[in-house]
Structures are given as structure tokens and as C-alpha cells.
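K.L.:
would you be able to build a 3D model of this:
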Amino acid sequence: MIGNFPFTRSPRSSPARPPSKSPNSANHFWQTISRNYAGTLVRRMPGSSATVARLRSTARRSCPASSITGHTHPITPPRHVAFDVTLPDAHVHVEITAGLITDRDPATENYGVYVYCNHRLVVKELKTRDVGYFVSTEAGVPHPDASLCRAIVQLQGSAQLIPWNSSKTNINTAPGVFQDLRPTLIQLVAYFSSLSRRTKHAWGDDVTPYTSGAIEEVSVTDIASGKRLNLPRLPRVNKRQVEHLKADNERVLRSAPWTVGLLEAIAAVDILARQRLDTRNRIALILLDSNFEIGLKEFIVHRADLYPPKQYPDARIRHIFESRAEVIKEVTAHVKIPQAFLDKASHYYALRNKLIHERATVNITDAEVDDYRATVQHVLKLLFKLKFRE
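P.N.:
This is a model prediction of the structure:
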């Protein structure tokens with residue numbers, strides 16, 4: 001259990017029909033009620049009717065705590081701490097659980113801090129300075145690299161003492177209960193954000209397979225004395241992304257040295273993602289699209305078995321390279337590239353052209369960069385058998 005919420009999770013299976021995200025849909029209603037009142041539904045709601053059973057079942061699945069992983073790994077288990085904030089006339093009970101999640105959704109950015117007050121979800125996906133974000137020595141700038149970190153804060157006490165606003169839709173960060181719990185919360189958010197970044201290229205092996213296990217308790221003594229929490233040392237990051245890519249593709253690079261530029265372009269996109277540049281996604285999209293096209297051209301130039309010089313003299317190659325459509329046509333005549341990848345490449349090529357040739361500025365999201373990067377990597381795998389860490 002994570003506080004009042006079950007966190008052990010059985011292997012997930014794809015639903016027959018994905019739930020609708022429309023605010024007017026019945027599924028949206030069930031999920032919203034179940035998520036916001038998960039604690040009450042799971043523990044306290046009486047009755048055995050079909051409606052109650054459905055709410056309880058959906059609450060267990062929708063609760064943000066249910067996707068925090070429990071690991072047998074010595075470094076990554078979630079941490080839980082419980083303590084009381086004592087006030088002149090009463091106290092508020094605080095529980096914080098933090099860890100890495102298994103239900104990451106790049107489109108919705110469902111990470112950060114979730115706050116429950118008296119079993120009601122008041123704020124979710126909080127990523128502000130109040131909880132450690134945008135401070136380099138704490139959780140840093142919110143970014144997909146750190147998107148496995150989630151912290152669940154549960155507060156129980158008199159409604160007059162709980163730090164929520166009058167409409168119960170946000171947290172009041174004024175001096176009082178929140179400021180007393182804030183140092184502990186920030187340490188946990190900073191720790192697991194850093195762990196998410198450091199394990200980014202091994203999420204598939206070191207994080208997502210672990211869906212059950214023990215949660216480790218944090219010493220309340222450290223909190224009472226104002227000491228820093230006693231958390232395990234974070235794993236070292238010994239290699240840069242480009243070094244990992246080159247090591248994983250050493251054999252291909254020896255036999256096809258022209259592929260090094262394709263690998264380094266992917267690594268450059270990763271470097272761009274960590275820069276504080278307002279236009280980093282625009283630059284990344286242009287770089288990815290160029291890498292896609294260059295990869296196709298490199299394939300034609302270096303596969304003399306498929307494009308013999310007698311049939312493809314320099315003049316013909318130049319003519320082909322003048323048209324992207326002709327390049328794709330020549331390559332797909334020999335390599336079966338799924339139409340879905342080609343459709344995505346066409347979509348992002350159109351976005352690139354808007355960025356370069358039109359006056360209007362197109363907003364490129366992190367999710368779009370991640371999507372096109374995955375597409376380009378799949379194509380490079382097909383053409384050159386290059387390996388990439390998901």
C-alpha cells in the first residue's frame with residue numbers, strides 16, 4: 001500500500017477500446033471521479049452495488065500512486081515518509097510517497113506532484129518552484145528526461161488547517177503546513193527527478209518491468225532534526241549519449257563509417273533537449289528531418305549492389321536527389337518502410353517547410369519531437385541496422 005492507495009499492479013493489458021478523453025464522455029466522468037476521490041472510494045465507500053464496484057475498480061487503476069514502481073533494485077524503490085505538522089491547536093498528518101512511474105504519457109506530461117487533502121485530489125502534475133522545479137539545485141526545469149518522477153502528498157486534518165484554497169482546487173503555499181512539509185517534498189522530488197534523468201536510456205530495463213515490490217520508509221528522525229534525508233547515492237552517469245550510441249553500433253560503424261553522422265545527429269537532438277533555448281524544438285525538428293533525408297541518400301550512394309554505377313551514374317543520382325519524393329521512391333523499391341513511418345515523415349516535412357519558408361511561427365511540442373525522433377530511428381534501423389536505446 002502507498003498510504004491509502006494500492007500500488008502493486010498486475011501486468012497491464014491493452015483495453016479493447018481506449019478510454020475517451022472527451023470531457024463529455026462517460027469514461028471521462030468515471031475516471032475523473034475515481035482519480036479525485038481514490039482514497040475514499042477504495043477505503044471508505046460503503047455498498048456493494050455495480051456502481052460502487054465500478055468506482056472502486058476504476059479508482060484503483062486511475063489513482064496516480066498505482067503506477068509508482070516498487071523495485072527490488074537497491075537504488076530505485078519508492079520512498080515513503082509520514083509525520084505530523086504540529087500547530088498551536090491541532091496537527092495535520094502528512095504522508096509523502098515518491099518514486100518512478102510506469103504509466104508515463106509524453107502527451108499529457110503526467111508527472112510531478114499530486115496533492116490529496118482529506119482523500120480528495122486537489123492538484124495534479126504540479127511542476128512549480130514551490131515543489132522544486134525550475135531550480136537547478138533541486139528538480140530543475142521540467143523535461144521529458146525527468147518525466148518518471150511522481151510524488152504523492154496526502155494531508156489529513158481539520159478542513160480549516162488544510163492548505164487548500166477556498167474552492168479546493170489548488171494548494172495555498174503561504175507559511176504554515178505546506179511550508180513545513182516543503183523541504184522534505186523537494187528533497188524527494190529532486191532525488192527522483194535526477195534518478196529519472198540518469199536512468200533515461202535504461203527505463204525499459206531498469207524501471208518499467210518492475211510493477212510490484214516494497215516501498216522503503218524514510219526516517220522521521222531526519223525530518224524532525226532538519227537533516228537531509230538519508231537517500232541512496234544516485235547512479236553515476238559515465239557516458240554521454242553519443243558514446244553509448246557509438247558503443248552499441250561499433251560493428252556497423254566499422255563497416256559503414258558514413259553512418260556516424262546519422263548517429264551523432266540523433267545525439268545532438270538529445271543535447272538540444274537539455275538546453276534552455278526557446279526554439280530548441282524547432283531546431284530539433286529541422287535536424288531530425290534533415291537526418292531522415294540524408295539517411296535515405298546515404299543508403300542510395302553506398303549500396304552499389306542495389307544501385308549499380310552503370311545504371312545509376314552521377315547525373316542520375318543528382319536528378320534523384322533533387323526530389324525528396326524520388327529519393328523515397330528509390331529506397332522503398334528495395335526496403336519496405338511501413339507506410340505509417342512515411343506518413344509521419346511527410347507530416348513533419350510539411351512542418352519543417354512552414355518553419356523555413358513561411359512567416360508564421362509553428363509551435364513544436366516535446367511530444368512531436370519525441371515522435372519524429374522515434375520515426376527517424378526506426379527508419380535508420382531498417383536501412384543500416386543501427387541500434388538505439390528507447
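
K.L.:
alpha carbons only for contacts and neighbour counts from here, please
P.N.:
Will do.

K.L.:
what are the buried residues along the one helix or strand Tyr191 maps to?
P.N.:
If you go by DSSP states H and E, Tyr191 is part of helix 177-198. Residues 177-178, 181, 183-198 are the ones in helix 177-198 that count as buried (16 or more other Cα atoms under 10 Å).

K.L.:
quick one: name whatever helix or strand follows it.
P.N.:
With secondary structure assigned by DSSP H and E, helix 177-198 is succeeded by helix 203-206.

K.L.:
where along the protein do the helices fall?
P.N.:
Counting by DSSP state H, the chain has helices at residues 26-36, 38-43, 50-62, 177-198, 203-206, 220-225, 241-248, 250-255, 260-273, 280-302, 314-321, 324-332, 339-357, 366-384.

K.L.:
can you put those in CSV and add mean pLDDT?
P.N.:
As requested, the helices of the chain are exported to CSV (pLDDT from 0 to 100):
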stretch, mean pLDDT
helix 26-36, 54
helix 38-43, 49
helix 50-62, 47
helix 177-198, 93
helix 203-206, 77
helix 220-225, 71
helix 241-248, 83
helix 250-255, 94
helix 260-273, 92
helix 280-302, 95
helix 314-321, 95
helix 324-332, 96
helix 339-357, 92
helix 366-384, 95
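
K.L.:
show me the contacts for Lys381.
P.N.:
Applying Cα atoms under 8 Å, 6 or more residues apart in numbering to Lys381 gives the contacts Lys387.

K.L.:
where in the stretch 51-200 of the chain is pLDDT low?
P.N.:
Applying pLDDT under 70 to the stretch 51-200 of the chain flags residues 51-75.

K.L.:
rerun that using 50 as the cut-off
P.N.:
51-52, 54-60, 62, 72 (pLDDT under 50).

K.L.:
quick one, what contacts Gln154?
P.N.:
Gly3, Val94, Glu95, Ile96, Val115, Tyr116, Cys117, Asn118, His119.

K.L.:
verify the contact between Val135 and Arg129 for me.
P.N.:
Yes - using Cα atoms under 8 Å, Val135 is in contact with Arg129, at 6.8 Å.

K.L.:
neighbours of Thr102, how many?
P.N.:
Around Thr102 there are 19 other residues, counting by other Cα atoms under 10 Å.

K.L.:
quick revisit: and for Val135 and Arg129, which residues touch both?
P.N.:
Joint contacts of Val135 and Arg129 (Cα under 8 Å, 6+ apart) do not exist.

K.L.:
spatially central residue for this protein, please.
P.N.:
With distances taken as Cα atoms, centre = their mean, Ser147 lies nearest the centre of the chain, 3.7 Å away.

K.L.:
quick check: it vs Val220, distance?
P.N.:
27 Å (Cα to Cα, to the nearest Å).

K.L.:
check Glu264 too.
P.N.:
Following Cα to Cα, the distance that separates Glu264 from Val220 is 47 Å.

K.L.:
out of these two, which sits in the more crowded spot?
P.N.:
Using other Cα under 10 Å, the more surrounded residue of Glu264 and Val220 is Glu264, with 17 against 14.

K.L.:
for Leu287, see how far away the more buried one is.
P.N.:
Taken as Cα to Cα, the span from Glu264 to Leu287 is 11 Å.

K.L.:
now swap in Arg303 and tell me
P.N.:
Distance from Arg303 to Leu287, by Cα to Cα: 24 Å.

K.L.:
neighbour-wise, which of the two wins?
P.N.:
Leu287 (17 against 11).

K.L.:
hey, C-alpha coordinates of stretch 151-171 in CSV?
P.N.:
Provided in CSV are the C-alpha atoms of stretch 151-171 (Å, rounded to 0.1, in the frame of the first residue of the first chain):
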residue,chain,number,x,y,z
ALA,A,151,5.3,12.4,-5.7
ILE,A,152,2.0,11.9,-3.9
VAL,A,153,1.3,14.1,-0.9
GLN,A,154,-1.6,13.1,1.4
LEU,A,155,-2.8,15.6,4.0
GLN,A,156,-5.3,14.7,6.7
GLY,A,157,-6.7,17.1,9.3
SER,A,158,-9.3,19.7,10.0
ALA,A,159,-10.5,21.5,6.9
GLN,A,160,-9.6,24.8,8.4
LEU,A,161,-5.9,23.7,8.7
ILE,A,162,-5.5,22.0,5.4
PRO,A,163,-3.5,24.3,3.0
TRP,A,164,-6.0,24.5,0.1
ASN,A,165,-7.7,27.5,-1.4
SER,A,166,-11.3,28.4,-0.9
SER,A,167,-12.6,26.4,-3.9
LYS,A,168,-10.4,23.4,-3.0
THR,A,169,-8.8,23.4,-6.4
ASN,A,170,-5.2,24.4,-5.5
ILE,A,171,-2.7,24.5,-2.7
